[in-house]
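**Student:** Sequence first, predicted model second:
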Amino acid sequence: MTDVRLQNLTKKFGEVIAVDAIDLTINSGELVVLVGPSGCGKTTSLRMIAGLEEVTSGQILIGERDVARVHAKDRNVAMVFQSYALYPHMSVAQNLGFALKLRKMPRDEIDRRVQKVATTLGIAEVLPRKPKTLSGGQQQRVALGRAIMRDPAVFLFDEPLSNLDAKLRTAMRAELIRLHHRLEATMIYVTHDQVEAMTMGDRIVVMNEGEIQQSGTPLEVYDDPDNAFVAGFIGSPAMNLFDGRVTSGNGALSVAVDGLAISLPASHPAGRAGSVQLGIRPEFLELDPPEGWATIDGRLEVVEHLGAETIVSLFTSGPEVTARIKRNDALRHGTTIRIGADPAYVLAFDSASGDRLRA
Ligand code: ATP
């Protein structure tokens, strides 16, 4: 069991700062997901931990050892890539056993371990076959098995499931979580897919433009985003974010968002700035809102009847608004409705910095 600590870790490619002085501790046995949009620096961070990318400055501690300048093969980490990178001329069994063969482990012991790992991953029956005869899911299992065989201190995953179709991806996600629990291993997982991050991570680390925006359990980050970037990135359908000007009067606040006015109680954190971004998650908007809620009137533009719930897009006198409401078979395109949210669930962010305004 090993923890990983990144201290002031920086990577520059010429003028481009890919990773900007990040500090992060991944606890022993934890599965931490680095998530963010393309180009945010997550892959570069992972590759620095793996030893595949040189560090510009800063430290990478695996356990007590600073490995920032240690060769990749001496770091005791195993990386699983999006492309499976299997040896095409070797059988599955040889692919799995290769690292141990290099370590000159006795043949019997290698065979025993190959069998055990293959059984765990459900690929025992394909051991004699070559990788190209396997399905994508089977190839990814072999790649995973190869990492497990090395018994590393830390597993690193770089978008390992993105080549699989949606159904297989969901199944493999569940398998990886089970594997994580069984191995109790330290794992760092990179993805751009926020759903994957939410479902897999003990903790997620949201990155943007080379910086860590927020780190926390998936629900902490979802419920309590530190800034507008995190609020908009995590959650699907995405949080409604409206730019507005705040005025106060008559014991209440009014936020003007284009032609729309949203009322909030005087005590709402939006009152702490003149210019704000309001954030309302689609599921906190309800039909027939009670007195005192922040209400929005509009015309139904798109109505998606999904069975368990209904997702609507509303054209208002200001921005378009998305709401995720209880199943409602009667809603039709073109109808005018009123929706609203409890002000306690209306978040506010400073327009200039994007930082969350808290009570
Ligand atoms: P993606 O999901 O698209 O892989 P990412 O979040 O993993 O994105 P990185 O691949 O880490 O992002 O890239 C971070 C930044 O560093 C980007 O601006 C990218 O263009 C730049 N970058 C990455 N590798 C190199 C390189 N070898 N040379 C120059 N710039 C690079």
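**Tutor:** Nice, I can see it.
**Student:** Which residues of the stretch 151-300 of the chain lie near the ligand?
**Tutor:** H192 (CB under 6 Å from any ligand atom). Just so you know, the C-beta spots here come from the backbone N, C-alpha and C atoms, and that holds for glycine as well.
**Student:** Name the residue of the stretch 151-300 of the chain that lies nearest to the ligand.
**Tutor:** Here the residue of the stretch 151-300 of the chain nearest the ligand is H192; by CB to the nearest ligand atom that distance is 4.8 Å.
**Student:** neighbours around that residue, how many?
**Tutor:** Using other CB atoms under 10 Å, the number of residues around H192 comes to 18.
**Student:** can you pull the contacts of it?
**Tutor:** V35, G36, P37, S38, K42, E159 (CB atoms under 8 Å, 6 or more residues apart in numbering).
**Student:** Could I get the full set of helices for the protein?
**Tutor:** Along the chain, the stretches classed as helices by DSSP state H are 42-50, 92-102, 107-121, 136-149, 166-183, 194-200, 218-223, 228-233.
**Student:** could I get those as a markdown table with mean neighbour count and mean pLDDT?
**Tutor:** Shown next, in a markdown table, are these (neighbours: other CB atoms under 10 Å; pLDDT from 0 to 100):
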| stretch | mean neighbour count | mean pLDDT |
| --- | --- | --- |
| helix 42-50 | 23 | 97 |
| helix 92-102 | 20 | 93 |
| helix 107-121 | 16 | 92 |
| helix 136-149 | 22 | 90 |
| helix 166-183 | 15 | 87 |
| helix 194-200 | 20 | 93 |
| helix 218-223 | 17 | 97 |
| helix 228-233 | 23 | 97 |
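**Student:** Now distance to Q277 too, for those helices, in a markdown table please.
**Tutor:** Compiled in a markdown table, the helices of the chain are given as follows (distance: least, CB to CB, whole Å):
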| stretch | distance to Q277 |
| --- | --- |
| helix 42-50 | 25 |
| helix 92-102 | 50 |
| helix 107-121 | 46 |
| helix 136-149 | 40 |
| helix 166-183 | 32 |
| helix 194-200 | 19 |
| helix 218-223 | 17 |
| helix 228-233 | 5 |
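**Student:** Phi first, then psi, for the residue of the stretch 151-300 of the chain closest to the ligand.
**Tutor:** Dihedral pair for H192: phi -100, psi 0, per degrees, to the nearest 10.
**Student:** What's the nearest residue in the stretch 251-359 of the chain when you look at the ligand?
**Tutor:** G354 (19.0 Å).
**Student:** hmm, back to that, just the ones of the contacts of H192 in strands?
**Tutor:** In this view, the contacts of H192 that belong to strands under DSSP state E are V35.
**Student:** Can you tell me which of the contacts of H192 are classed as buried?
**Tutor:** V35, G36, K42, E159 (16 or more other CB atoms under 10 Å).
**Student:** pull the helix or strand with minimum mean pLDDT from this protein.
**Tutor:** Least confident helix or strand of the chain, by mean pLDDT, DSSP states H and E, is helix 166-183 with a mean of 87.
**Student:** With distance to V117 added, can I get the contacts of H192 in a markdown table?
**Tutor:** Output for these, formatted as a markdown table (distance: CB to CB, whole Å):
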| residue | distance to V117 |
| --- | --- |
| V35 | 28 |
| G36 | 32 |
| P37 | 35 |
| S38 | 33 |
| K42 | 28 |
| E159 | 22 |
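**Student:** low-confidence ranges in the stretch 251-359 of the chain?
**Tutor:** For the stretch 251-359 of the chain, no stretch has pLDDT under 70.
**Student:** pretty sure E304 is in contact with I311, am I right?
**Tutor:** Yes: with contact defined as CB atoms under 8 Å, E304 reaches I311; the gap is 4.3 Å.
**Student:** So those two - more neighbours on which side?
**Tutor:** For the pair E304 and I311, the greater number of neighbours falls to I311 (16 against 13), based on other CB under 10 Å.
**Student:** The stretch 201-350 of the chain: strands as residue ranges?
**Tutor:** 203-208, 211-216, 240-249, 252-257, 260-265, 275-280, 286-287, 294-305, 309-315, 321-326, 336-341, 346-350 (DSSP state E, counting those that start in this stretch).
**Student:** What is the third one packed up against?
**Tutor:** Which is strand 240-249. With contacts taken as 3 or more CB pairs under 8 Å, 6 or more residues apart in numbering; DSSP states H and E, strand 240-249 sits against helix 228-233, strand 252-257, strand 260-265, strand 275-280.
**Student:** For the first one, list the C-alpha coordinates in PDB.
**Tutor:** Backbone C-alpha positions of helix 228-233 (Å, rounded to 0.1, in the frame of the first residue of the first chain) are rendered in PDB as follows:
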ATOM      1  CA  ALA A 228     -18.500  28.100 -12.100                       C
ATOM      2  CA  PHE A 229     -16.200  25.900 -14.200                       C
ATOM      3  CA  VAL A 230     -16.600  22.900 -11.900                       C
ATOM      4  CA  ALA A 231     -20.400  23.600 -11.600                       C
ATOM      5  CA  GLY A 232     -20.800  23.500 -15.300                       C
ATOM      6  CA  PHE A 233     -18.400  20.600 -16.000                       C
END
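**Student:** circling back to that earlier point, the residue of the stretch 251-359 of the chain closest to the ligand: neighbouring residues, count only.
**Tutor:** As a burial measure, G354 scores 18 neighbours (other CB under 10 Å).
**Student:** what do you get for the one 4 residues further on?
**Tutor:** Here the neighbour count serves as a burial measure; for R358 (other CB under 10 Å) it reads 10.
**Student:** got the contact list for the closest residue to it other than its chain neighbours?
**Tutor:** Counting by CB to CB, 6 or more residues apart in numbering, P269 is the residue found nearest to R358 once chain neighbours are left out, at 5.7 Å. For P269, the contacting residues are A348, L357, R358, A359, by CB under 8 Å, 6+ apart.
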